[in-house]
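A.B. asks: what would the 3D arrangement of this be:
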Amino acid sequence: MGRTRQPNERLGRLIREAGRPNESLARALCAVAARHNDPARPSRVSVTQWVRQGVMPSGNIPQYLAEVLTSWLNRDVTLADMGFGDEQPDLRDWGLDTLKTLAALGRIDVDVERRQLLSTLAYSLGALSIPPASWWEHMARTGSRGITQRRAVQADVDAVREMTALFSQLDQRRGGGHGRTAVAQYLVTDVGEFLQGTFASDRVRRDMFSAASELAYLAGWTAFDNGEHPTAQHYYTVAVKLAAEADDPAMAGHVLRAMAHQAVDLRKPHHAVRVAEASIAGDRYALASPRERSLLGVVHARALAAAGRTAEANAALLQAERDLSVASPGDDEPGRVFFFGEASLAHETASALRDLGDLEGAAREFERSVATRKASTFTRTHAVTLGHLGLVKARQHSIEEACAIWSRSLDAMQTVRSARTRDVALGIRSALSPYRGRKVPTVDAVDGLAADYLAATI
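C.D. replies: Just a heads-up that it's a prediction; the model follows:
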């Protein structure tokens, strides 16, 4: 490790602002290093040396410091902010070997005891940095190379896509809490073996990496729906890298859209806008089917709405409507957009309008979503949409109407295990708290149903 000429005041100020002792910072850094299979184990003494003596942390520790401090301070912390030289794109996750990262993440995630390690890690705002164009070109040009003798053909790609479709359908009906481990296990074992083997042609290789990207995205989506946000973020990063190696911009855009969606839900609107803009940049939008363009666009609109950029959000909503209007069942579109149609567009539009303060418009669009969705196939989202519609009605002081809607929502979510349906139930109980104890039968009945659901899904 090298020395600077004076104490690192920038790093010291950030640590003091975070209000955590050096021991806590060292433990957090060790956890991040372990996730990356990095043997580095900085201690409290190491932190003291970095700050007081101006010692430069070795290896990838500066990037890990940025991740931890970004999480603790709830804003982007860069290498330059910490006194470590000129700012560079935050590519710590993007620069790691794709297949090794996937294998390491999967081994932890499918082990119930080791999964707790992932739960201790923080959702990272710094990890939302988007690699430069040169990175995408490099990934498409080089790609991972096989190390086993297993040989994949097009039929194997088709089989992976069929399994992904089955898992996706289960997720839509039952929520991310059902089958999430099975998705991760299949990705790491069967699909992981294909990725490390050889291929009948370069086309098959690219198709397999694209199929694996979709499955990694689904692993991330189920973790997101199950409230496991750091885990979801790591799977999304792997999914983008796989899509880049497949030279599949539309698939990469699909995953970046999910990352933006997650950032919106976690109330990080400005970061969400940045990632959503990346999802619709260049070929990620241009090469997508009309249906997928609409999906990318409406999430971009949601991010803009959450950031308070009203005019831009409204323009993006209109474009998403136009894109979906030219989509048709006969289009050559990927199976991953099977869930997105009028009902989904209406749900996301309603969410954007709600965030912009247009409760009347939000209620109208949530109602359109409920009316046009096939509830038996998309049970989770149907329950969530009803829940959000009820919350809008409650904000409009129509509490009896809200209770009737919430009763339908709670009935629909009985077969669903999802952090998002739990959030709806918690929202219902919070909205009803002013009426609790007044012996209003309708209110008490719905409040009791929500409490029962929460107790049953701990």
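
A.B. asks: low-confidence ranges in the stretch 1-150 of the chain?
C.D. replies: By pLDDT under 70, the low-scoring segments of the stretch 1-150 of the chain are 1-5, 35-37, 76, 85-96, 111-122, 124-127.

A.B. asks: the strands in it, which residues?
C.D. replies: For the stretch 1-150 of the chain, applying DSSP state E, counting those that start in this stretch gives no strands.

A.B. asks: verify the stated contact: Leu170 with Gly179.
C.D. replies: Yes. Using CB atoms under 8 Å, Leu170 is in contact with Gly179, at 5.1 Å. (Each C-beta comes from the backbone N, C-alpha and C, glycine too.)

A.B. asks: immediately after whichever strand or helix holds His261, which helix or strand?
C.D. replies: Assigned by DSSP states H and E, His261 belongs to helix 249-265. Sequence order places helix 269-279 as the next helix or strand after helix 249-265, per DSSP H and E.

A.B. asks: check which helices and strands that next one is in contact with.
C.D. replies: Secondary-structure packing of helix 269-279 (3 or more CB pairs under 8 Å, 6 or more residues apart in numbering; DSSP states H and E): helix 249-265, helix 290-306.

A.B. asks: what's the mean pLDDT across the following helix or strand past it?
C.D. replies: Counting by DSSP H and E, the next helix or strand C-terminal to helix 269-279 is helix 283-286. For helix 283-286, mean pLDDT is 97.

A.B. asks: helices or strands next to helix 283-286 in the packing?
C.D. replies: helix 249-265, helix 290-306.

A.B. asks: how about those helices in TSV, adding mean neighbour count and mean pLDDT?
C.D. replies: Conversion of the helices and strands packed on helix 283-286 to TSV gives the following (neighbours: other CB atoms under 10 Å; pLDDT from 0 to 100):
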stretch	mean neighbour count	mean pLDDT
helix 249-265	25	97
helix 290-306	27	97
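
A.B. asks: now for the closest residue in space to Thr181 that isn't next to it in sequence: which residues touch it?
C.D. replies: Distance criterion CB to CB, 6 or more residues apart in numbering; nearest residue to Thr181, sequence neighbours excluded, is Val110 at 5.9 Å. Val110 makes contacts with 181, 184-185, 188, as judged by CB atoms under 8 Å, 6 or more residues apart in numbering.

A.B. asks: among these, who's most crowded?
C.D. replies: Ala184 (26 neighbours; other CB atoms under 10 Å).

A.B. asks: what mean pLDDT does the helix or strand hosting that one get?
C.D. replies: Using DSSP H and E, Ala184 falls within helix 180-186. For helix 180-186, mean pLDDT is 92.

A.B. asks: which strands and helices sit next to it?
C.D. replies: helix 98-109, helix 154-174, helix 202-225.

A.B. asks: let's see that with 10 Å instead.
C.D. replies: helix 98-109, helix 154-174, helix 202-225, helix 229-245 (3 or more CB pairs under 10 Å, 6 or more residues apart in numbering; DSSP states H and E).

A.B. asks: against which helices or strands is the first one packed?
C.D. replies: The reference is to helix 98-109. helix 22-35, helix 115-120, helix 180-186, helix 192-195, helix 202-225, helix 229-245.

A.B. asks: just how off-centre is that helix within its chain?
C.D. replies: 17 Å (CA atoms, centre = their mean, to the nearest Å).

A.B. asks: where along the stretch 351-458 of the chain do the helices fall?
C.D. replies: 359-372, 379-395, 399-412, 419-432, 441-456 (DSSP state H, counting those that start in this stretch).

A.B. asks: measure Lys439 to Ala445 for me?
C.D. replies: Remark: distance between Lys439 and Ala445 (CB to CB, to the nearest Å) = 12 Å.

A.B. asks: looking at the helices and strands packed on helix 180-186, which one has the lowest mean pLDDT?
C.D. replies: helix 98-109 (a mean of 78).

A.B. asks: that one vs helix 229-245, what angle?
C.D. replies: Relative orientation of helix 98-109 versus helix 229-245 (axes from the mean of the first three to the mean of the last three CA atoms, to 10 degrees): 160 degrees.

A.B. asks: most packed of the helices and strands packed on helix 98-109?
C.D. replies: Mean neighbours per residue, mean count of other CB atoms under 10 Å, is largest over those for helix 229-245, with a mean of 26.

A.B. asks: just the angle between that one and helix 202-225, please?
C.D. replies: Computed by the same axes, to 10 degrees, the angle separating helix 229-245 from helix 202-225 equals 160 degrees.

A.B. asks: return the alpha-carbon coordinates of helix 229-245 using PDB.
C.D. replies: Taking Å, rounded to 0.1, in the frame of the first residue of the first chain, the C-alpha atoms of helix 229-245 are listed here in PDB:
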ATOM      1  CA  HIS A 229     -33.300  -6.100  -3.200                       C
ATOM      2  CA  PRO A 230     -29.500  -6.500  -2.900                       C
ATOM      3  CA  THR A 231     -29.800 -10.000  -4.300                       C
ATOM      4  CA  ALA A 232     -32.000  -8.800  -7.100                       C
ATOM      5  CA  GLN A 233     -29.500  -6.100  -8.000                       C
ATOM      6  CA  HIS A 234     -26.600  -8.600  -8.300                       C
ATOM      7  CA  TYR A 235     -28.600 -10.900 -10.600                       C
ATOM      8  CA  TYR A 236     -29.600  -7.900 -12.800                       C
ATOM      9  CA  THR A 237     -26.000  -7.000 -13.100                       C
ATOM     10  CA  VAL A 238     -25.100 -10.500 -14.200                       C
ATOM     11  CA  ALA A 239     -28.100 -10.500 -16.600                       C
ATOM     12  CA  VAL A 240     -26.900  -7.300 -18.300                       C
ATOM     13  CA  LYS A 241     -23.400  -8.800 -18.700                       C
ATOM     14  CA  LEU A 242     -24.800 -12.000 -20.300                       C
ATOM     15  CA  ALA A 243     -26.900  -9.900 -22.700                       C
ATOM     16  CA  ALA A 244     -23.800  -7.900 -23.600                       C
ATOM     17  CA  GLU A 245     -21.900 -11.000 -24.300                       C
END
